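A.B. asks: this is a predicted model, with the sequence first.
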Amino acid sequence: MQTPKQNVVQRPGDPYIYLFVMGEWYCYNPSDEPLGSGAMGTVYLGFRCKNGEKIAVKRVKDCFANNKMIRDRAKQEASLAFRHQNLVEMIGYCEYGPNSGPVFILSKFVAGMQIDTYVKQYLTDATDKVDKICHVIYPILDALDYVHSRGVVHRDIKPSNIMIENESNIRLMDLGIARMNGGNQFSAFGFIGTPQYSAPEQITRDKNSSTMINAATDIYELGVTFYELLTGVNPFDAPTEAETLSKQMKEALPYNDKIPKRLMQVIWKATEKDQSKRYQNATEFKTAIKQAMMPPASTTTQLQDWLERNQNICIGGIAGLAVIIILLLIFIL
């Protein structure tokens, strides 16, 4: 196929905008109701021209489109060619011009709803609500383990970026502000993330600090998200962004009796302000959740476990007791 002179085309009298990406034409109608909108862009329902297949078209907000940092970030997102059942598959990137004008990121379409909406509609009164929400978190941790192993940190984990597809499969959305290992060229330009979920290191980003944006940053964000799904509230939310960021820096998540105590301990560890005290990877976090959800061991089992862990103490104690008995017998006799 001959490469067109323009990658973005709009014809007179035609409401659709046509986008040429990776050797194929796609289209969307900008006058349609958006599928969603975020800090960086607005997402529309689009179509593959050759067969009508549904796709998602994110148009970077025009107020950012001429910013080189934003353009580079959009290209980065579109280049993350990941193949994982709990991530959204990217199609590619399209721009009107190399340095200015509209910017588009195309991905596969996910039919479903945001996880917080799903929890409110279907799990509010469920007797096994906690268990079901844990099973929502597990695949997100699998997705994070996958992207972290490839040197990527998501940096914007929140309920609106988690979708449940066809009431079954869970997908982590929007890698638009993800950080690639080897340097964060965007952090010097201001706060990156969503204040109600962001880890302290996202807020401070002190260049002289040894604390980095890494996998533990995503662990913190998912910990806050987990807490919100279980309780229905985000305690860091405040009337102003400054108040929210201050809470993130200073306040721990409050105890909530909707969360079992053992699971609350896990969430507290995931959301430690000191990055080094958190779970350091997704596998550790997932294992801790599963252990917290196991039935507590019986007294007999706990005693057996203690004896196995403290064999030397037990043996020493028995030997010491035997010596005391022998000495007492000698003294008496």
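C.D. replies: Perfect, thanks for sending it.

A.B. asks: what is the burial count for the nearest residue to Pro30 once chain neighbours are set aside?
C.D. replies: Counting by Cβ to Cβ, 6 or more residues apart in numbering, Ile17 is the residue found nearest to Pro30 once chain neighbours are left out, at 6.0 Å. (C-beta placed from N, C-alpha, C; glycine too.) Ile17 has 21 neighbours, counted by other Cβ atoms under 10 Å.

A.B. asks: got the phi and psi for Ile17?
C.D. replies: As for Ile17, its main-chain torsions (degrees, to the nearest 10) stand at phi -100, psi 130.

A.B. asks: from Leu87, how far off is it?
C.D. replies: The spacing between Ile17 and Leu87, counted by Cβ to Cβ, to the nearest Å, is 26 Å.

A.B. asks: tell me how far the residue nearest to Pro30 lies from Gln6.
C.D. replies: Computed with Cβ to Cβ, the distance linking Ile17 and Gln6 is 11 Å.

A.B. asks: next one: Gln85
C.D. replies: As judged by Cβ to Cβ, Gln85 and Gln6 stand 36 Å apart.

A.B. asks: comparing these two, which residue is more hemmed in?
C.D. replies: When neighbours are counted by other Cβ under 10 Å, Gln85 comes out ahead of the other of Gln85 and Gln6, with 13 against 10.

A.B. asks: pretty sure the more buried one sits against Asn169.
C.D. replies: Yes - Gln85 lies in contact with Asn169 (Cβ atoms under 8 Å); the separation is 6.5 Å.

A.B. asks: now for these two: what residues contact both?
C.D. replies: With contacts taken as Cβ atoms under 8 Å, 6 or more residues apart in numbering, Gln85 and Asn169 have Pro139 as neighbours in common.

A.B. asks: residues near Tyr122, how many?
C.D. replies: Tyr122 has 14 neighbouring residues, counting by other Cβ under 10 Å.

A.B. asks: for Tyr197, see how far away it is.
C.D. replies: Counting by Cβ to Cβ, the gap from Tyr122 to Tyr197 is 23 Å.

A.B. asks: what of Pro239?
C.D. replies: Pro239 sits 17 Å away from Tyr197 when distances are taken as Cβ to Cβ.

A.B. asks: so between those two, which is more surrounded?
C.D. replies: Shown here are Pro239 and Tyr197; by other Cβ under 10 Å, Tyr197 has more neighbours (26 against 7).

A.B. asks: residues in contact with Asp196?
C.D. replies: Not Asp; residue 196 is Gln. Neighbouring residues of Gln196 by Cβ under 8 Å, 6+ apart: 158, 224, 234, 236-237, 244.

A.B. asks: ramachandran coordinates for Leu87?
C.D. replies: Backbone torsions for Leu87, taken as degrees, to the nearest 10, come to phi -130, psi 160.

A.B. asks: cool, and Glu24?
C.D. replies: Main-chain dihedrals, Glu24, degrees, to the nearest 10: phi -130, psi 160.

A.B. asks: kindly report the same for Ile219.
C.D. replies: Geometry field for Ile219 lists phi and psi as phi -60, psi -40, criterion degrees, to the nearest 10.

A.B. asks: contacting residues for it?
C.D. replies: Listed by Cβ under 8 Å, 6+ apart, the contact set of Ile219 reads 144, 270, 278-282, 285.

A.B. asks: for Tyr118, same thing?
C.D. replies: Tyr118 makes contact with 164, 167 under the criterion Cβ under 8 Å, 6+ apart.
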